[in-house]
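S.K.: Make a model of this:
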Amino acid sequence: MPAKAQPPESPRGAPSHLDVYLRVLSALMLRDMRSRFGGNYWGYLVQVLWPCAHLGILVGVMAFRGVKAPITDSAMLFIATGAVPALAFQYVSREVMKGYLVHKPLTYFPQVKKFDTVVARCLVEIVSAFMGLMLVCLVLACFEVDPRPVDMFTAITGYLAAIGLGIGVGFVNVGICSVFPGWALGYILVTLTLYLTSGVYFLACFMPEQIYYYMKWNPITQLIEWVRLGYEPSLPAQIDYLYVFGWIFGSLTIGLLMERFIVRAQQ
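M.R.: Predicted coordinates:
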């Protein structure tokens with residue numbers, strides 16, 4: 001009997017599936033960085049610098065109104081402990097959604113999947129979040145404000161939780177935008193409301209108990225207090241860690257299910 005034909009061997013040195021996937025992710029990340037504000041890498045730097053500009057505006061408003069920081073000895077540090085985690089969540093959750101909309105035409109190439117565009121934007125936003133944090137700390141140090149928390153572990157884990165929640169909500173936003181593209185504008189109003197009521201400019205735990213009870217339903221409020229506990233361990237904040245992690249893993253699970261059964265079903 002004639003020997004059974006063997007399939008042709010792959011050429012030596014051919015890239016593996018993992019190599020191809022990593023090249024696709026790196027290409028999407030580079031394109032993502034260059035597609036910001038003006039179509040070059042300076043535009044990406046502008047977005048990284050925006051938290052510093054945001055911090056300067058808020059501190060200027062507090063100085064103009066003569067408002068003193070309720071904790072820490074610096075108004076800059078007080079605003080930074082609230083604005084940095086809140087903006088990290090806001091930027092990550094919004095930019096992950098925008099990344100899917102911007103890179104959607106690239107999914108016509110067989111090597112690029114819709115999920116790849118979301119993963120690439122998540123990686124870029126994680127790097128951006130930590131670069132923004134480092135720049136804020138540098139600005140504080142330039143103004144002779146010590147940015148180091150009393151409890152480093154508490155402050156860092158709170159910031160990581162803010163990024164994690166942003167990724168989870170970002171995946172949910174991708175699923176919603178795949179069906180209702182107008183949600184990209186509606187979500188701006190949602191994040192603005194959450195930001196203004198989360199306690200960036202004040203301490204939520206110093207509010208009356210009836211108001212504080214409802215404020216704690218906002219996970220951003222608890223994330224801000226989580227970070228501020230790293231700077232003021234005696235702060236009478238009531239953080240429900242199980243509730244926060246429920247939001248993080250719950251939103252991520254729902255977002256991944258929506259990506260599997262809704263986003264991939266869209267043509």
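
S.K.: Just give me the residue right at the centre of this structure.
M.R.: Residue closest to the average C-alpha location in the chain (CA atoms, centre = their mean): Val92, at 2.6 Å.

S.K.: Please name the residues that touch that residue.
M.R.: The contact partners of Val92, taken as CB atoms under 8 Å, 6 or more residues apart in numbering, are 122, 125-126, 129, 163, 166-167, 170. All C-beta atoms are positioned from the backbone trio N, CA, C, and that covers glycine.

S.K.: Would you point out the most distant pair within those?
M.R.: The span of the contacts of Val92, defined through CB to CB, is set by Ala129 and Gly170 at 12.1 Å.

S.K.: Of the two, which one has the most company?
M.R.: Set side by side, Ala129 and Gly170 show more neighbours around Gly170, with 28 against 25, by other CB atoms under 10 Å.

S.K.: hang on, isn't the more buried one packed against Ile254?
M.R.: No. Between Gly170 and Ile254 there is no contact, the gap being 11.7 Å when judged by CB atoms under 8 Å.

S.K.: quick one: Thr57 from Met76, how far?
M.R.: Let me fix one detail, which is that residue 57 is Ile and not Thr. 12 Å (CB to CB, to the nearest Å).

S.K.: between the two, who's got more neighbours?
M.R.: Met76 (21 against 12).

S.K.: Quickly find the element holding the more buried one.
M.R.: Using DSSP states H and E, Met76 falls within helix 75-103.

S.K.: Count residues in the vicinity of Gly255, would you?
M.R.: Counted with other CB under 10 Å, the neighbours of Gly255 add up to 23.

S.K.: didn't it look like it was pressed against Val172?
M.R.: Yes. Between Gly255 and Val172 there is a contact under CB under 8 Å: 4.4 Å.

S.K.: Lowest-scoring secondary structure element of this protein by mean pLDDT?
M.R.: helix 41-65 (a mean of 74; mean pLDDT, DSSP states H and E).

S.K.: got a list of what the nearest residue to Gly230 once chain neighbours are set aside touches?
M.R.: Nearest non-adjacent residue to Gly230, counting by CB to CB, 6 or more residues apart in numbering: Ala155, 2.8 Å away. For Ala155, the contacting residues are 81, 149, 227, 229-231, by CB under 8 Å, 6+ apart.

S.K.: what does the model give Ala155 for pLDDT?
M.R.: We have a pLDDT of 95 for Ala155.

S.K.: circling back: any idea how far Ala129 is from the residue nearest to the centre of the chain?
M.R.: 6 Å.

S.K.: Since that was my last question, I'll sign off now.
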